[in-house]
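Peer 1: Predicted model follows, preceded by the sequence.
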Amino acid sequence: MISDTDLDRLKADNPCAEVAAKYVKLRRGGKGMIGPCVACSTDRQRADATKAEYWAEGWTCAACLTGGDVIQLMACAESLDAKTDFRRIIGLLNGGAALLGEAVVPVDPAERARAESARAAARLEAEVEQNEFRERERGRAWELWQRARPIAGTAAQAYLELRGLDAELVGARLGFDPFARFYVQDKPKPRLIHEGPALMALIQRRGRFLGLHRTFIDLRERKGKAVLTDPKGGDVNAKKVRGGKKGGHIALLGPRDPRELYLGEGIEKVGGVATALRRAGRDISAAAFWTSVDLGNLGGKASHKVPHPFLMNAGGKRPQLVPGPAPDDSTPAIEIPDSVERLVMLGDSTSDRFETECAIVRASVRYARPGRAIVAAWPPAGKDFDDLLREAA
């Protein structure tokens, strides 16, 4: 038997970041170190890997969602079972053999190779299943988009106008579904929690259909969005994507090869800017107005996470980690046309300022080109661009 005190001392003497460095190539980032995951990475020495984070007390992987303390780390690194091979794992840690009072039994290379081969086969099978699922979802989303109606005279037009937008200007590429269904994930199958009108928008990348964005509408609400509640899990966001969105955008209006591009998170924000510019007499014929679907998609994935300046994690002991300002160039992002000479990034003053600033910096680095000016525009604190439109009306 090993006492809790001895086990805690052993873990303190074997910081996760130091132990992980014996198996994977790490560099500073996040809470401590970042690099390949000991559980799911096929190349443990890949220098630009960032999906796993390791610090003194623990580790986690954003890809396979594995993590825990140094016991779980050693189990994954040595292809062992954290429960059945517990004493073996203890013996492999620095000071563990003395604690057990027995010799360390090294892991047989052939046994490790068999376990790693089995894990690789399982990862490949999971990846194939995920790709098949994405294609099925994309196909279903396309079927829904094909059934979309023009928004003229519908609740979708009324929703845009309620938000202060010129529906005639920004609604030409949008659609309407009077009987859209909202499902939440559940087992054994997704569960229907709402059916009603929805504003629909096509998400694309390189001219290819990726997915469908829907905003569920309730014109009785102050801002027109439906208030959805899952009986099993509380409030649910009234905006939902079906299919894919990574690296994609929603093109509200503008030419194929614009000289100026306004890029922001939501339809209401970007459409509000287009409406305001036209009402001010601005010539927007050479400008395009795109939404990134969400904040994470605005500048693509970050290369690593950084501590938030004031938000803390659930335990209140460490700063909350958020996607940082450096982009991960190995992952897809929105493709900005080469014709764009001025890119205007639209900030969201109703979202967390630090996370939004990181996303805009990430986008600015990623989309920079010689001869292209990139600027950021922000509404007043606590407001969005469509809020200003309604106030001015």
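Peer 2: Sure, I can see it. Numbers count the residues shown, from 1 in each chain.
Peer 1: What pLDDT is listed against the residue nearest the centre of the chain?
Peer 2: The chain has G296 as the residue nearest its centroid, 4.8 Å off, counting by Cα atoms, centre = their mean. Model confidence at G296, given as pLDDT, is 89.
Peer 1: can I assume it is in contact with P323?
Peer 2: Yes. Here G296 lies in contact with P323, judged by Cβ atoms under 8 Å, at a distance of 6.8 Å. (Glycine included, C-beta is placed from N, CA and C.)
Peer 1: Mutual contacts of the two, please.
Peer 2: Residues touching both G296 and P323 by Cβ atoms under 8 Å, 6 or more residues apart in numbering: A359.
Peer 1: which helices and strands sit right next to the helix or strand harbouring the residue nearest to the centre of the chain?
Peer 2: Using DSSP states H and E, G296 sits within helix 295-298. Applying 3 or more Cβ pairs under 8 Å, 6 or more residues apart in numbering; DSSP states H and E, we find helix 295-298 packed against helix 353-367.
Peer 1: quick one: average pLDDT of the next helix or strand after the helix it packs on?
Peer 2: Proceeding N to C from helix 353-367, the next assigned helix or strand is strand 373-377, under DSSP H and E. In this model, strand 373-377 has a mean pLDDT of 96.
Peer 1: do stretch 73-85 as well
Peer 2: Here the average pLDDT along stretch 73-85 is 87.
Peer 1: and it, C-alpha only, in PDB?
Peer 2: Extracted as PDB, the C-alpha positions of stretch 73-85 are listed here (Å, rounded to 0.1, in the frame of the first residue of the first chain):
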ATOM      1  CA  LEU A  73       0.600  10.900 -18.300                       C
ATOM      2  CA  MET A  74       2.900   7.900 -17.700                       C
ATOM      3  CA  ALA A  75       0.100   5.500 -18.500                       C
ATOM      4  CA  CYS A  76      -0.400   7.100 -21.900                       C
ATOM      5  CA  ALA A  77       3.300   7.600 -22.600                       C
ATOM      6  CA  GLU A  78       4.200   3.900 -21.800                       C
ATOM      7  CA  SER A  79       1.000   2.400 -23.200                       C
ATOM      8  CA  LEU A  80       0.000   1.100 -19.700                       C
ATOM      9  CA  ASP A  81      -3.300   1.100 -17.800                       C
ATOM     10  CA  ALA A  82      -3.500   3.600 -15.000                       C
ATOM     11  CA  LYS A  83      -5.400   1.200 -12.800                       C
ATOM     12  CA  THR A  84      -4.200  -2.300 -13.500                       C
ATOM     13  CA  ASP A  85      -0.500  -1.200 -14.000                       C
END
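Peer 1: what distance separates that stretch from the middle of the whole chain?
Peer 2: Distance of stretch 73-85 from the chain centroid (Cα atoms, centre = their mean, to the nearest Å) equals 30 Å.
Peer 1: Neighbours of the residue nearest to A56 when sequence neighbours are not counted, how many?
Peer 2: Closest residue in space to A56, ignoring its immediate chain neighbours: P15 at 4.1 Å, by Cβ to Cβ, 6 or more residues apart in numbering. Look at P15: counted by other Cβ atoms under 10 Å, it has 18 neighbours.
Peer 1: P15: what's it in contact with?
Peer 2: Here P15 is in contact with W55, A56, E57, V70 (Cβ under 8 Å, 6+ apart).
Peer 1: Then E135?
Peer 2: E135 touches nothing, counting by Cβ under 8 Å, 6+ apart.
Peer 1: Could you check the pLDDT of it?
Peer 2: 85.
Peer 1: wait, E137 sits on K240?
Peer 2: No. Using Cβ under 8 Å, E137 is not in contact with K240; the gap is 11.9 Å.
Peer 1: CA atoms of the strand or helix carrying A274 as PDB?
Peer 2: Secondary structure assignment for A274, by DSSP H and E: helix 267-279. These are the backbone C-alpha positions of helix 267-279, laid out as PDB (Å, rounded to 0.1, in the frame of the first residue of the first chain):
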ATOM      1  CA  ILE A 267     -24.700  38.800 -39.400                       C
ATOM      2  CA  GLU A 268     -26.200  41.600 -37.300                       C
ATOM      3  CA  LYS A 269     -22.800  43.300 -36.600                       C
ATOM      4  CA  VAL A 270     -21.600  43.200 -40.200                       C
ATOM      5  CA  GLY A 271     -25.000  43.900 -41.700                       C
ATOM      6  CA  GLY A 272     -25.300  46.900 -39.400                       C
ATOM      7  CA  VAL A 273     -22.000  48.300 -40.600                       C
ATOM      8  CA  ALA A 274     -23.100  47.900 -44.300                       C
ATOM      9  CA  THR A 275     -26.400  49.600 -43.500                       C
ATOM     10  CA  ALA A 276     -24.800  52.500 -41.700                       C
ATOM     11  CA  LEU A 277     -22.300  53.100 -44.500                       C
ATOM     12  CA  ARG A 278     -25.000  53.200 -47.100                       C
ATOM     13  CA  ARG A 279     -27.200  55.500 -45.100                       C
END
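Peer 1: Was I right to think L277 contacts I284?
Peer 2: Yes. Using Cβ under 8 Å, L277 makes contact with I284 at a distance of 5.3 Å.
Peer 1: Mind pulling up the pLDDT for the residue nearest to A56?
Peer 2: Reported pLDDT for P15: 93.
Peer 1: how deep is the residue lying closest to P332 once chain neighbours are set aside tucked in, by neighbour count?
Peer 2: Ranked by Cβ to Cβ, 6+ apart and with sequence neighbours excluded, the top spatial neighbour of P332 is G247, at 3.1 Å. Neighbours of G247 under the rule other Cβ under 10 Å: 18.
Peer 1: any chance you could read off phi and psi for G247?
Peer 2: When quoted as degrees, to the nearest 10, the phi and psi of G247 stand at phi 80, psi 10.
Peer 1: And the one 3 residues further on, by the same measure?
Peer 2: Dihedral pair for I250: phi -110, psi 120, per degrees, to the nearest 10.
Peer 1: How about F385?
Peer 2: Dihedral angles (degrees, to the nearest 10) for F385: phi -60, psi -30.
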